[in-house]
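Q: Quick one: sequence plus predicted model below, questions after.
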Amino acid sequence: MEIRQLEYFVTVAEERHFTRAAQRLHVAQSGLSASIRTLERELGAELFIRSTRNVDLTDAGRALLVEARHTLNDLAAAREAVAAVQGLLSGRLVVGTLQCLGALSVPDLLARFHQEHPGVEIRLRQGGSHELLAQVRAGDMDVAIVSVPPAGESAGVVLTPLSSEPMVLACGPKHHLAEREQVGLADLKDESFVDFHPGWITRDVTDHALAGARIERRVALEVNDVHSLLDFVGAGLGIALVPHSFTGKQTRARFVPLQAPVPVWQTAVAVAAGRRCSAAAQALLRDPTLRWPAQGGTGARSGGPGRLGEPGVTARTA
């Protein structure tokens with residue numbers, strides 16, 4: 001039995017699909033399938049129930065998955081221990097982030113990390129929070145800075161709160177609400193909205209707030225980035241509810257505070273639950289701007305006390 005076989009086996013078990021597993025591993029599907037068949041012959045047991053749509057673990061496969069994960073985690077820890085003795089970090093660090101973070105400068109964060117650990121290759125991916133969290137769960141991303149998902153949608157990750165800020169109204173300079181000192185959610189009835197596509201948690205916060213105010217809204221324009229949203233709003237093509245940090249952007253849009261109850265946008269640092277963080281990820285998490293608990297820096301096999309995503313911890317305030 002080889003380490004690579006275990007890596008292939010765990011990936012297929014997580015993806016429940018040979019094609020997706022091969023894509024994630026960047027290997028040919030035929031080679032992946034052959035490796036799994038060889039492993040099954042060596043163990044004398046079938047590990048997967050195969051169908052045309054997906055694969056499921058057999059009882060033997062479920063038993064092996066637990067031990068395979070422990071073995072791979074222990075192997076990673078051994079490599080990291082040697083690297084620590086040598087005083088050097090190497091390898092790859094994959095970081096995910098949202099487009100706009102008022103409480104944190106990602107370029108400054110990564111610049112500090114690169115200066116301290118020049119041997120680590122940094123990969124950065126931007127996207128919506130649901131997409132980033134899916135990559136963290138799948139093991140394709142080490143650390144992600146995300147919007148806090150609604151309660152019940154944080155399974156498989158450990159979230160540590162990073163920031164919390166109020167939502168504000170964004171509207172065009174000639175909009176009838178632009179000169180108001182404050183607006184209530186009821187004032188937004190019958191307005192046309194610009195918003196992010198479904199799947200962006202910023203949109204979830206707006207949907208939740210307006211549904212709580214019993215307002216059915218019409219989203220006329222859907223966009224994939226912050227600058228486009230503000231451009232359309234500034235041009236008078238709709239209004240939006242956005243985090244307060246957006247007010248620092250160069251834009252024609254006007255921003256108006258909301259009356260209580262004010263919806264809140266939260267961000268958090270996410271790592272996978274049940275997996276040991278790599279040495280590079282641990283080093284990044286030690287940066288004080290990420291506010292990662294000291295006891296959490298060694299990994300996320302057990303989620304530390306008071307962290308979002310754990311039982312009894314609220315994962316959303318709006």
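A: Nice, I can see it. In this text the structure is predicted, and so the values were computed from the model without any measurement.

Q: going forward, measure contacts between C-alpha atoms and count neighbours the same way
A: Fine.

Q: the helices in the stretch 1-150 of the chain, which residues?
A: Under the criterion DSSP state H, counting those that start in this stretch, the stretch 1-150 of the chain contains helices at 3-15, 18-25, 29-43, 59-86, 106-116, 129-138.

Q: mean pLDDT lowest for which of those helices?
A: The minimum mean pLDDT among those belongs to helix 59-86 (a mean of 82).

Q: For that one, which residues meet the burial criterion?
A: The neighbour-count check on helix 59-86 (16 or more other C-alpha atoms under 10 Å) flags Gly61, Leu64, Leu65, Ala68, Arg69, Leu72, Asn73, Ala77, Glu80 as buried.

Q: and it, what does it pack onto?
A: Contacts defined by 3 or more C-alpha pairs under 8 Å, 6 or more residues apart in numbering; DSSP states H and E place helix 59-86 against helix 3-15.

Q: Remind me what the helix it packs on packs against, helices and strands.
A: If you count contacts as 3+ C-alpha pairs under 8 Å, 6+ apart, helix 3-15 packs onto helix 18-25, helix 29-43, strand 55-57, helix 59-86.

Q: quick check: angle from it to helix 59-86?
A: Relative orientation of helix 3-15 and helix 59-86, computed by axes from the mean of the first three to the mean of the last three C-alpha atoms, to 10 degrees: 120 degrees.

Q: Looking at the helices of the stretch 1-150 of the chain, which is nearest to Leu93?
A: When the helices of the stretch 1-150 of the chain are compared by C-alpha to C-alpha, helix 106-116 sits nearest Leu93, at 10.4 Å.

Q: Using PDB, write out every CA atom in that closest one.
A: Provided in PDB are the C-alpha atoms of helix 106-116 (Å, rounded to 0.1, in the frame of the first residue of the first chain):
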ATOM      1  CA  VAL A 106      -5.200  40.900   2.000                       C
ATOM      2  CA  PRO A 107      -2.200  42.300  -0.100                       C
ATOM      3  CA  ASP A 108      -0.500  43.400   3.200                       C
ATOM      4  CA  LEU A 109      -1.300  40.100   4.900                       C
ATOM      5  CA  LEU A 110       0.300  38.100   2.100                       C
ATOM      6  CA  ALA A 111       3.200  40.500   1.700                       C
ATOM      7  CA  ARG A 112       4.100  40.000   5.400                       C
ATOM      8  CA  PHE A 113       3.800  36.200   5.000                       C
ATOM      9  CA  HIS A 114       6.000  36.200   1.800                       C
ATOM     10  CA  GLN A 115       8.600  38.200   3.500                       C
ATOM     11  CA  GLU A 116       8.800  35.800   6.500                       C
END
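
Q: Good, wrapping up.
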